[in-house]
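> generate a structure from the sequence data that follows.
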Amino acid sequence: MRYADPSEVKTFGKTECVTSVLVFLLNYLILVCMVVLFLWMDTQGQAQSFRDYVAENYNTVIYLLASVFLLVLTIYFYYVFEDKTLLASPKSIWLIFILLDVCILICYFFGYFFNIYSRPIALLALLALMLLSRRDAIFLNVIFALMMFSIDRFSNFSNIEQYGTALSSTPLLTFSAGMVGIFVGSKVKTRLRSFLTGFAVSIPILVMVACLEFNRGIGVVYLLLYGLEAGVLSSVLFMALLPVYETLFNRITDYRLRELTDHDAPLMREMKERAMGTFNHSIVVAHLAEACAIALGEDTALARAAAYYHDVGKLRQPEYFTENQTGYNPHNELSPELSVDIIRSHAKDGYELILSKRLPKILADIAVQHHGTMPIKYFYAKALKMSDGEVNIEEFSYGGPKPQTKIAAIIMIADASEAISRTLPDRSPEKVEGAVRDIIEERMDLDQFDECDLTMKDLTVIKETIVSCLTGVYHSRVQYPKLKLNRKNEEDKENA
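So this is what the prediction gives:
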């Protein structure tokens, strides 16, 4: 599904309006070329040439082109009233139309070369669900069903002529299969279950094929097999095409987020090799962030991935961060001003590193936001001692921006809470609760949550969740007895 990315939200002014109209017109021309291609293919092997067909049926061709234009216009006005930010991004418009183009082409050629019931008609709904949103997927599924009906209605290849009753059912068949894919697919979190979704998609196809073609006798069995193939093929092609769209348009889905949090992902592997302390810190922060996301009803996969990558900027100079040091601290030889420059640069370095690896921009945004404009108190205090109190605190603070989303705020709190919990000599629930409360109150006093929609209730839930998780991670254990056993002791006991 599409995640809101505040950094990419643009105003829909006159320039964006003109650009979006031009992009829509260009994509309409592409659809027109596809329709002409279909009509040309329909006339191949027939006595009537393509030119003669168009001349004789020009009213039909004009009607077909007009119907496609009206559907394209409907898409445009849908986003004008529902999501202008998408129209402000030509890349997003291209995503929508390339989805339509590819799915129409695939369905047409399967119908042309195999059977009208073999077409993977739920493919667009599944892709739109993952790459856009469920609301957009439902709308585009309706548009796709009507486009398929328009093309079928005015095509004359032999397969359609053999199944005339299928023509009237094309909109309902496509719509129902797509809706099943949307509502079943929205609950799916693994690729295996995505494959099994194809069998659910087949159900409305099989029901309608059985109702429309029951008078064919034993021949209906072959049509039912085609219907089953249509549903399964929809899920197979969905799994094959989804990574392509994810890469081309840099979209994030639950599948991609889970792949990015695999410990063998390139940046994760590098962090394990060069900054093991930071890696372990990120694992615990991910545990805290995921629990908070569940408690607040936020996206858990995004929270976990953001926590994994929030400190990747430390890879630039890992030895300057306490969790990666093994006794020697290079900051002892640096001035507070130079030390603070190194420490606060990890937020910006993480932003640049994530973008350079072509990872989702929302992860980069959270990496640069997770400290907001907080002061780096250790080096600020050190500078105060060295300068008799004449120090500008802004020179010892992170550059921001402040957290823009709930998940960025969760990462900010979880990051600081995990770090401070390691310094507590007493990790009882009361001490941990006091430390986490102080962290939240300090950030509230410094207006760190002013730019995200975090409420007092949310902060209370976050505090309680983090305290519960941290006391579980750092719980006390029974003191082991100082008794050393070895193989020789055990043998002596047996001989005795």
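
> low-confidence ranges, this structure, go.
Within the chain, the stretches with pLDDT under 70 are 1-12, 42-48, 50, 155-166, 389, 473-496.

> that one: strands as residue ranges?
Using DSSP state E, the chain contains no strands.

> without its sequence neighbours, what residue ends up closest to Phe97?
Take Phe97 and drop its neighbours on the chain: the residue closest to it by C-beta to C-beta, 6 or more residues apart in numbering is Asn27, 3.9 Å away. C-beta coordinates here come from the backbone N, C-alpha and C atoms, glycine included.

> just Ile393 next, same as before
Using C-beta to C-beta, 6+ apart, the nearest residue to Ile393 is Pro375, at 5.4 Å.

> what about the one you found, distance to Leu140?
Pro375 sits 48 Å away from Leu140, going by C-beta to C-beta, to the nearest Å.

> neighbour count winner among these two?
Set Pro375 next to Leu140 and count neighbours by other C-beta atoms under 10 Å: Leu140 wins out with 23 against 19.

> is the more buried one in contact with Ile96, as I believe?
Yes. Leu140 is within contact range of Ile96, at 7.0 Å (criterion: C-beta atoms under 8 Å).

> between those two, what contacts are shared?
Ile75, Leu132 (C-beta atoms under 8 Å, 6 or more residues apart in numbering).

> coming back round to it: quick one: the residue nearest to Ile393 from Ala381, how far?
Distance, Pro375 to Ala381, using C-beta to C-beta: 10 Å.

> touching, Ala145 and Ser169? I think so.
No. Look at Ala145 against Ser169 with C-beta under 8 Å: they stay out of range, at 10.6 Å.

> neighbour count for those two, which is higher?
Counting neighbours by other C-beta under 10 Å for Ala145 and for Ser169 shows that Ala145 has the greater number, 23 against 16.

> can you tell me which residues contact the residue nearest to that one when sequence neighbours are not counted?
Nearest non-adjacent residue to Ala145, counting by C-beta to C-beta, 6+ apart: Thr174, 3.8 Å away. Contact analysis of Thr174 by C-beta under 8 Å, 6+ apart lists Ile121, Asn141, Phe144, Ala145, Met148, Phe149.

> could you measure from Glu290 over to Cys469?
Taking C-beta to C-beta, one finds Glu290 at 9 Å from Cys469.

> ah, wrong one, I meant Glu270
Distance from Glu270 to Cys469, counting by C-beta to C-beta: 27 Å.

> cool, and Phe214?
Phe214 is 58 Å from Cys469, where distance means C-beta to C-beta.

> who has more neighbours, these two?
Between Phe214 and Cys469, counted using other C-beta under 10 Å, the more crowded position is Cys469 (22 against 10).

> got the contact list for stretch 290-302?
3, 252, 254, 257-258, 261, 303-304, 307, 362, 406-407, 410, 413-414, 458, 461-462, 465-466, 468-469.

> endpoints of that stretch, how far apart?
9 Å (C-alpha to C-alpha, to the nearest Å).

> list the buried residues of it.
Residues of stretch 290-302 classed as buried by neighbour count (16 or more other C-beta atoms under 10 Å): Glu290, Ala291, Cys292, Ala293, Ala295, Leu296, Glu298, Asp299, Thr300, Ala301, Leu302.

> closest to Asp388 out of these?
Cys292 (41.8 Å; C-beta to C-beta).

> distance of that closest one from Leu124?
Cys292 sits 35 Å away from Leu124, going by C-beta to C-beta.

> next one: Ile439
Distance from Ile439 to Leu124, counting by C-beta to C-beta: 46 Å.

> you'd agree Thr284 is up against Glu418?
Small correction: residue 284 is Val, not Thr. Yes. Assessed by C-beta under 8 Å, Val284 is found in contact with Glu418 at 5.0 Å.

> these two: which is more packed in?
More crowded of Val284 and Glu418, by other C-beta under 10 Å: Glu418, with 26 against 21.

> my guess is the more buried one contacts Leu470. True?
Yes. Contact criterion C-beta under 8 Å: Glu418 and Leu470 qualify, at 7.3 Å.

> counting neighbours, which of the contacts of stretch 290-302 end up buried?
Buried subset of these (neighbour count, 16+ other C-beta under 10 Å): 3, 252, 254, 257, 261, 303-304, 307, 362, 406-407, 410, 413-414, 458, 462, 465-466, 468-469.

> so which of the residues you listed sit within helices?
254, 257, 303-304, 307, 362, 406-407, 410, 413-414, 458, 462, 465-466, 468-469 (DSSP state H).

> go ahead and confirm Ala408 touches His371.
No. Assessed by C-beta under 8 Å, Ala408 is found out of contact with His371, at 10.4 Å.

> quick one: the helices in the stretch 151-300 of the chain, in order.
Along the stretch 151-300 of the chain, the segments classed as helices by DSSP state H, counting those that start in this stretch run 158-162, 164-185, 191-213, 219-249, 254-260, 266-274, 276-296, 300-309.

> go through the fourth one and flag the buried ones.
Spelled out, it's helix 219-249. Across helix 219-249, burial judged by 16+ other C-beta under 10 Å covers 220, 223-224, 226-239, 241-242, 245-246.
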